[in-house]
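Novice: when you get a sec, could you give me coordinates for this:
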Amino acid sequence: MNDYLVKATIFNGMVRAYAITSTDTVEEARRRQDTYATASAALGRTITITTMMGAMLKGTDSLTVKVEGNGPIGAIVADADAYGNVRGYVTNPHVDFDLNDRGKLDVAKAVGTDGSLSVVKDLGLKDYFTGQVPIVSGEISEDFTYYFANSEQVPSAVGAGVLVNPDHSILAAGGFIVQVMPGADEEVIGQLEDRIQSFPAISGLIREGNSPEHILERLFGSEEIKFHEKMEVTFKCKCSKERFEKAIVGLGNDEIQQMIDEDHGAEAVCHFCNETYTFTEEELENLKKHNEQ
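Specialist: As a prediction, the model looks like this:
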């Protein structure tokens, strides 16, 4: 089953929900980043949630998420668009710990409990929308829940989980975001809180073969769910040799000449996908000419 997400409304539009299976997408990120188990869980949760946030956008809008705690993993960065494309990386991928006292991967220890979560949205306007909140737990899902409530003033429940195989590949990954719309009555909110509190681990549900639709059906029980859209999800990087050429040109001819004299060429590696681009001396000379035109 390919990764995908669904968008839905419940309680006659008073609640909107997103659910996603992201196993293959997180595995692709893990493979490219060579993350160890705990780092994979932190990166996978972030990518999963960022993908659903991207699905809230329209057209060519996009967003970038940065989770920057005081733990050894360093910064986690992910960005997504409105079409289910996402990419992400972690500064220190080779971070792993023993399971925590609940028998789970110790994501909070890797991320840290002091720091910030920031979201930058490019909505095609002159200025970007930027929201930032302090990290509240380092467990990622709780931090995004806090972000929605405090930065976007939308009461939300966010859940994301990643299960990792002994060989470090991804066994299961997925998540949900449930948001209460303005005007929702207290009874609806109370029902929602009770159900989310008693809901089983999302990664376990994915491992058992539950689809995004099944996840929402289990969460909302007999309530009528109106599904609005189904969207494929994939790890997709925006990098290209042309983008790096522009970056090198922007360094100026003195820097380019230094690359030629000292290294007889240049090599650039994309943070997100670890793709390597090489530039020969001749190619660098041509980039210098571009600056001289």
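Novice: where in the stretch 1-150 of the chain is pLDDT low?
Specialist: Within the stretch 1-150 of the chain, the segments meeting pLDDT under 70 span 1.
Novice: C-alpha coordinates for stretch 68-82, CSV please?
Specialist: The C-alpha trace of stretch 68-82 is given here as CSV (Å, rounded to 0.1, in the frame of the first residue of the first chain):
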residue,chain,number,x,y,z
GLU,A,68,15.5,22.7,17.5
GLY,A,69,16.0,21.3,21.0
ASN,A,70,19.0,20.9,23.3
GLY,A,71,19.4,17.2,22.7
PRO,A,72,22.2,15.4,20.8
ILE,A,73,20.1,15.0,17.7
GLY,A,74,20.4,18.7,16.9
ALA,A,75,17.9,20.4,14.6
ILE,A,76,15.3,18.5,12.7
VAL,A,77,14.1,20.3,9.5
ALA,A,78,11.2,19.3,7.2
ASP,A,79,9.3,21.0,4.5
ALA,A,80,6.2,20.1,2.6
ASP,A,81,3.8,21.4,-0.1
ALA,A,82,0.1,21.1,-0.7
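Novice: wait, doesn't residue 189 sit right on residue 182?
Specialist: No: counting by C-beta atoms under 8 Å, residue 189 does not reach residue 182; the two are 11.9 Å apart. For every residue, glycine as well, the C-beta is placed using N, CA and C.
Novice: helix, strand, or coil at the residue nearest to residue 212 when sequence neighbours are not counted?
Specialist: Spatial nearest neighbour of residue 212, chain neighbours left out: residue 19 (3.8 Å); criterion: C-beta to C-beta, 6 or more residues apart in numbering. Residue 19 falls in the strand class when you classify it by DSSP: H, G, I helix; E, B strand; the rest coil.
Novice: pull the longest strand from this protein.
Specialist: Secondary structure of the chain per DSSP state E: the longest strand is strand 170-180.
Novice: ok, and for the helix or strand just after it, which residues are buried?
Specialist: Per DSSP states H and E, strand 170-180 leads on to helix 186-197 as the next helix or strand towards the C-terminus. Neighbour counts over helix 186-197 (16 or more other C-beta atoms under 10 Å) mark 188, 192, 195 as buried.
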